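Chemist: how does the following fold in three dimensions:
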Amino acid sequence: MNTEAGTGTIVPLVDDTAEHPWPLAGMPGDIRRALFARATERHYDSDDVIYLSGSPAQHIYLISGGKVRLVRDRDGRTIHIHDECAGGVLGEVPLFEGTTYPATAIASQPTRCLVLQREAILDVMRLHPELGVAILQRLAARVRQLVNKIERNASQPTVSRLAELVLARAQAYNGDAFTIGASQEKAAEEIGTVRELVVRGLRTLREQGAIDAVGNGRYTVRDAEKLKRIATCRPDPRLP
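Modeler: A predicted model of the protein is given here:
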């Protein structure tokens, strides 16, 4: 794991005929060209730190491939904030504040980012206000997503949030055996709990016949309907 914030391999920038991440995909060619003229592309390996919480926000990152998790450490515990995948944007919150990054960004898998300095993107926004509107729309959606997550974590028991994660993993693997994440610690971060409760929750899901363990940290869904009921905190009508 590379723990030096902002590392990554600089590679030649993609040309303007390539498929672009948000917010570039819907932007006119003159806006894209203005951004590309001042951008670089960086490649990050899995677990590379892109930037650290509390460090000065000097860049905005447009994810063109891969996946990034945003986390914060509090009282010795890592709290998962959210994930960003291809098409996502990192660093737009402090972009407008001119302050520091509120969370640490870590590549969850090999990841590519278009990197722009704060002043560069602000210069383009002054000439093309529609870019600023697009970023604000994205920021508003992010706020809604975080509010929903806070509400879910406060109202749902841990086993329900775990069942929801298991359903998402099973769907991503198209019915094949799946893992709940790179590790149980990472899964705990994602649903806002600790590893011990993830272990207990997986045992509960197995005992209730919702999933089966098939070895090497992999699982299969035995009863999808039961798993959905647990995820939505609904009782099983077949139980007394």
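
Chemist: for the protein, what spans make up the helices?
Modeler: For the chain, the helices defined by DSSP state H cover 29-36, 92-97, 118-127, 129-155, 158-172, 184-191, 195-207, 224-231.

Chemist: and the gap between Ile31 and Glu119?
Modeler: The gap separating Ile31 from Glu119 is 16 Å, by CB to CB, to the nearest Å. For every residue, glycine as well, the C-beta is placed using N, CA and C.

Chemist: possible to save the helices of the chain as TSV with distance to Arg72?
Modeler: As requested, the helices of the chain are exported to TSV (distance: least, CB to CB, whole Å):
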stretch	distance to Arg72
helix 29-36	29
helix 92-97	13
helix 118-127	21
helix 129-155	12
helix 158-172	18
helix 184-191	10
helix 195-207	17
helix 224-231	25
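
Chemist: just for this structure, where's the confidence low?
Modeler: For the chain, residues meeting the criterion pLDDT under 70 lie at 1-26, 149, 152-155, 234-240.

Chemist: was I right about Val93 contacting Pro102?
Modeler: Yes: under the criterion of CB atoms under 8 Å, Val93 makes contact with Pro102 at 6.1 Å.

Chemist: just to revisit the earlier point, of the helices of the chain, which is nearest Ala57?
Modeler: The closest of these to Ala57 is helix 92-97. By CB to CB, the value is 3.4 Å.

Chemist: run through who's touching the closest one.
Modeler: The set of residues external to helix 92-97 that reach it, using CB atoms under 8 Å, 6 or more residues apart in numbering, is 57, 60, 100-102, 118, 121-122, 135, 138-139, 142.

Chemist: the most centrally placed residue in the chain and Lys186, how far apart?
Modeler: In the chain, the residue lying closest to the centroid (CA atoms, centre = their mean) is Asp83, at 0.7 Å. According to CB to CB, Asp83 stands 11 Å off from Lys186.
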